[in-house]
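In: Return a 3D structure for these sequence lines:
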Amino acid sequence: MNYLTPEKSYFIAELKELYESKKEEIKDRLHEFKETWRHGIRKDIFKELVFCILTPMSRGRYCWDAVENMMRDGVLFNGDSALISGYLKGARFINKKSIYIVEARKKFYFNKSVSIKNIITNIGYGYGAREWLALNVKGIGYKEASHFLRNIGFDQNLAILDRHILKNLRLIGVIEEIPDSLSKGKYLHIEKSMEALSKTIKIPMSHLDLVMWCKETGEIFK
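Out: Numbering: from 1, shown residues only. Modelled structure (predicted):
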C-alpha cells in the first residue's frame, strides 16, 4: 500500500468504524451464502449464476429483482431470450445477457449430466474454480466468477473488483487510479494488493468486500 496520507488514514478509519457496526450483519449474510452451498439445489445455484451474468455495468439490487421476477413468472427456466430481455429493462447489454442466460440454462440447468456444483467440488479450490467459470461460461469474467463463488458460499476470499471496491481501493491508496479495464494479470495484481490491505487493517477479505459495498450503497447485499 502506498504511503498513508492523513486523507487515506481517514478513509481507513472510516471503513473500520463502519465494519465494527456491521460485522454481525456481515457474518449473517456470509452464513446465508454458505447455506446455499451446503443445501442449495440446482435451481438455487443457477439463480446465483444468472444474477452474476446480469451484474456487469448494472445495479446489483436491480439485477436480483429481475431474477426474482423471472422466477415468479416462470420465465427464468422457460422463457426464450426475447422474453427474458423484457425483464432486464434498465440494465446494460440486455440482448447479450439474455442470450447468455439461455445458453447457461441449456448447459448447466437442463443438461442433467453437467452440474456446476459437482465441477466446482471436483476442482476443489476457489482460484481454479474461478478460472474454469471464466473460461466456460459466457458473460462470466474474473469479477463475476468471484462474485458467484462468494454468493454460493464456496469461496468467500476472492476479490470482487467492481466499481465500488475499486473506488475504495483508490481512496485508501491501494491503487493509484481505477483502471478502464481489467486484464487477468491486472485483476490478480489488485487482488493481491487487496489481500495485503485486508491483513493490514485486520478485516477478512470476505468481510472487506461487503463493508466497502455497504459504504457505497448503504446496505449489506449480495
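
In: From now on I want contacts and neighbour counts done on CA atoms only, so please keep to that.
Out: OK.

In: Which helix in the chain has the most residues?
Out: Longest among the helix segments of the chain by residue count, using DSSP state H, is helix 6-39.

In: Centre of the chain to that one, how far?
Out: 15 Å (CA atoms, centre = their mean, to the nearest Å).

In: Pull out the buried positions in that helix.
Out: The neighbour-count check on helix 6-39 (16 or more other CA atoms under 10 Å) flags 8, 11-12, 15-16, 19, 22-23, 26, 29-30, 33-34, 36-37 as buried.

In: now swap in stretch 155-166 and tell me
Out: If you call a residue buried by 16+ other CA under 10 Å, then stretch 155-166 has these buried ones: D155, Q156, N157, L158, A159, I160, L161, D162, H164, I165, L166.

In: list the contacts for the last one?
Out: Going back to what we said before, that points to L166. With contact set as CA atoms under 8 Å, 6 or more residues apart in numbering, L166 has these partners: I175, I178.

In: mind redoing it with 10 Å?
Out: By CA atoms under 10 Å, 6 or more residues apart in numbering, the contact list for L166 reads I160, I172, V174, I175, E177, I178, P179, I190, M194, M212.

In: which among these end up buried?
Out: For these, buried by 16+ other CA under 10 Å: I160, I172, V174, I175, I190, M194, M212.

In: Skip the chain neighbours and tell me the closest residue to the fifth one.
Out: It stands for I190. I175 (7.4 Å; CA to CA, 6 or more residues apart in numbering).

In: Tell me the confidence at L4?
Out: Looking at L4, its pLDDT reads 64.

In: domain ranges for the protein?
Out: Structural domains assigned to the chain are 6-34+159-217, 39-151, following automatic domain parsing.

In: re earlier: pick out the most distant pair among the contacts of L166.
Out: Farthest pair in these (CA to CA) is P179 and M212. Separation: 17.9 Å.

In: ok, now how distant is the residue nearest to I190 from K8?
Out: Distance from I175 to K8, counting by CA to CA, to the nearest Å: 12 Å.

In: just to revisit the earlier point, would you turn the contacts of L166 into TSV with secondary structure?
Out: Shown next, in TSV, are the contacts of L166 (DSSP: H, G, I helix; E, B strand; the rest coil):
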residue	secondary structure
I160	coil
I172	helix
V174	coil
I175	coil
E177	coil
I178	coil
P179	coil
I190	helix
M194	helix
M212	helix
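
In: between the residues you listed, which is nearest N78?
Out: If you rank the contacts of L166 by distance to N78 using CA to CA, I160 comes first, at 30.0 Å.

In: any idea which helix or strand carries the closest residue in space to that closest one that isn't next to it in sequence?
Out: Spatially, and ignoring its direct neighbours in sequence, I160 is nearest to K143 (5.1 Å; CA to CA, 6+ apart). Assessed by DSSP states H and E, K143 sits inside helix 142-151.

In: Check S193 too.
Out: Using DSSP H and E, S193 maps to helix 184-201.

In: How far away from the center of its chain is that helix?
Out: Here helix 184-201 is found 16 Å from its chain centre; the criterion is CA atoms, centre = their mean.

In: contacting residues around E195?
Out: N157, L158, A159, H189, I203, P204, M205, L208 are the contacts of E195 under CA under 10 Å, 6+ apart.

In: Now do the first one, the pLDDT please.
Out: According to the per-residue confidence, N157 scores 94 in pLDDT.

In: quick one: contacts for it?
Out: Neighbouring residues of N157 by CA under 10 Å, 6+ apart: 126-127, 146, 149-150, 191, 195, 204-209.

In: Brilliant, that's me finished.
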